[in-house]
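Colleague: Here is a sequence with its predicted model. Questions after.
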Amino acid sequence: PSFPPRPPPPPSAPATLSSGGGRQTRMRSPRGSVAILIVLAATATTTTGLPGPPHATAAATRDSLAATARARPRPHFAHPRQARQRRPSAAALRASAAAGGRFGFLRRGRKKPGTLVLLRHGESHWNLNNTFTGWADPGLTANGQAEVRRAARLLLERGYKPEVVYTSRLKRAIKSAWLLLREMKLLYRPINKEFQLNERMYGALTGMSKSQIALTFGEDLVQQWRRSLDVRPPALDERHPYWPGKEKKYDDLPRELIPKTESLRDTMNRAVPLFEEKILKDLRSGKNVVVVGHYNSLRGLVKHIDSIDTESIRSVEIPTGIPLVFEFDANMRPIRSNFSEGAMSGSFLATREVTQAALKRERGLSEEVPGFTDSPLVTPVLRAISSLQRERESLFPEADIDGAPMSADADAAAAAAAAAA
């Protein structure tokens, strides 16, 4: 059969496209085999209605795709390099964080720092007897256990839930950590037992009565041993019955790490590195941390956190069983609250007077709502709030509580009212 002569390409087609006549376009699959053979001339037509040549149809298709691409809306940043140039610089981010204070964590990819709670262990038998304890290991009194349980209720009432717990290797602190987590129904939380959080080593004063030593050596010298930053008591002999090197819980420590006597600065020098290497890392990651420690190890941490000078640290008191809460901004600087006292930026969740009055009243209470505290339907938070409210109503019936959690200032006002009565 004879075919009509091939018509010339349309005038609108670019002249350069005529060089590709007769080509076929192949598309390959990812595996490299020919998936399909597309002959673009099969479906295209020319202006005369006859099948057009492959090179003309391919040119028209390419023109159509190019026009579609030009009409498609482009993103705001045409190139990734331009987008990087438009982002704020590191200096601008630092300036923003400094200006924003506690809200600097809102920057992209930054978590809000966690809350730090310092808790001195509950009252021990040697605390009750007014005896120098140091690295000796007496247990908790019944009142000390009640102090820790009330501390747990205060934390629950304020909405604090620890995710990591650090404590020392002394059983009065370890048991306080157990009681705290058990009261909060958080026994599954990890507890890190670190010797760096042990109480200050009081040397030859260990096991001796504070009042008897004051009569023997004078009150001024005893106060220097207790309160001073750099004064050390007489060293403890290794033949002493309270020498900690004999105890199995320190078998993993080199002998030179077991002190014979310490000042407050020595206690800080072993506690602060632990804070910088582990505790601060947990806080930066957004975890709430509870440190159950001792009088001098916690004072050392407070001095470091708030950069308290040598003279002011003498007046810092940390009573047993009352949580001390620290909040931090994005740069891990402590934030002072309305309840911060003195040189400390942290705030206690209760006063010592109200805590002791509440515990005394709690021991005298015999009536409980039958089955209430044992019901599985009652959450730890509800149980804590109910217990604290019953304490406050029984202690201060005239106070206007209205079911709201009592602040530290309200506790102080209530204590003053009780003292006046």
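Modeller: Received it, and whenever you're ready, just let me know what you need. Residues are numbered from 1 along each chain as shown.
Colleague: Not counting the helix or strand residue 301 falls within itself, show me its contacts.
Modeller: Secondary-structure assignment from DSSP states H and E places residue 301 in helix 295-306. Contact with helix 295-306 is made by 116, 118, 120, 168, 196-200, 264, 267-268, 271-272, 275, 291, 293, 308, 313, 316, 318, 324, 326, 334, 343-346, as judged by Cβ atoms under 8 Å, 6 or more residues apart in numbering. No exception for glycine: its C-beta is placed from N, CA and C like everyone else's.
Colleague: mind listing which of those are in strands?
Modeller: Judged by DSSP state E, those include 116, 118, 120, 291, 293, 324, 326, 334 as members of strands.
Colleague: Let's have these in JSON lines, adding neighbour count and pLDDT.
Modeller: Formatted as JSON lines, these follow (neighbours: other Cβ atoms under 10 Å; pLDDT from 0 to 100):
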{"residue": "116", "neighbour count": "25", "pLDDT": "96"}
{"residue": "118", "neighbour count": "23", "pLDDT": "96"}
{"residue": "120", "neighbour count": "28", "pLDDT": "94"}
{"residue": "291", "neighbour count": "28", "pLDDT": "97"}
{"residue": "293", "neighbour count": "29", "pLDDT": "96"}
{"residue": "324", "neighbour count": "20", "pLDDT": "93"}
{"residue": "326", "neighbour count": "25", "pLDDT": "95"}
{"residue": "334", "neighbour count": "18", "pLDDT": "94"}
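Colleague: Tell me which two in the residues you listed are the farthest apart.
Modeller: Farthest-apart pair in those is 120 and 334; separation 18.6 Å (Cβ to Cβ).
Colleague: can you give me the helices for this protein?
Modeller: Secondary structure of the chain (DSSP state H): helices located at 54-71, 80-86, 90-100, 125-128, 142-158, 171-183, 210-217, 219-227, 264-274, 280-284, 295-306, 352-364, 380-395, 408-420.
Colleague: quick one: which of those has the weakest pLDDT on average?
Modeller: Lowest mean pLDDT of the helices of the chain: helix 80-86, a mean of 47.
Colleague: count of residues packed around the closest residue to residue 272 other than its chain neighbours?
Modeller: Nearest non-adjacent residue to residue 272, counting by Cβ to Cβ, 6 or more residues apart in numbering: residue 304, 4.9 Å away. Using other Cβ atoms under 10 Å, residue 304 has 14 neighbouring residues.
Colleague: and if you look at residue 261?
Modeller: If we define neighbours as other Cβ under 10 Å, then residue 261 has 19 of them.
Colleague: For residue 353, see how far away the closest residue to it other than its chain neighbours is.
Modeller: What sits nearest to residue 261 in space, not counting adjacent residues and going by Cβ to Cβ, 6+ apart, is residue 203, at 3.3 Å. Distance check for residue 203 against residue 353: by Cβ to Cβ, to the nearest Å, it reads 33 Å.
Colleague: So for those two, which sits in the more crowded spot?
Modeller: The residue with more neighbours, out of residue 203 and residue 353, is residue 203; 21 against 16, by other Cβ under 10 Å.
Colleague: thought that one was touching residue 260?
Modeller: Yes - here residue 203 reaches residue 260: they are 6.1 Å apart, a contact under Cβ atoms under 8 Å.
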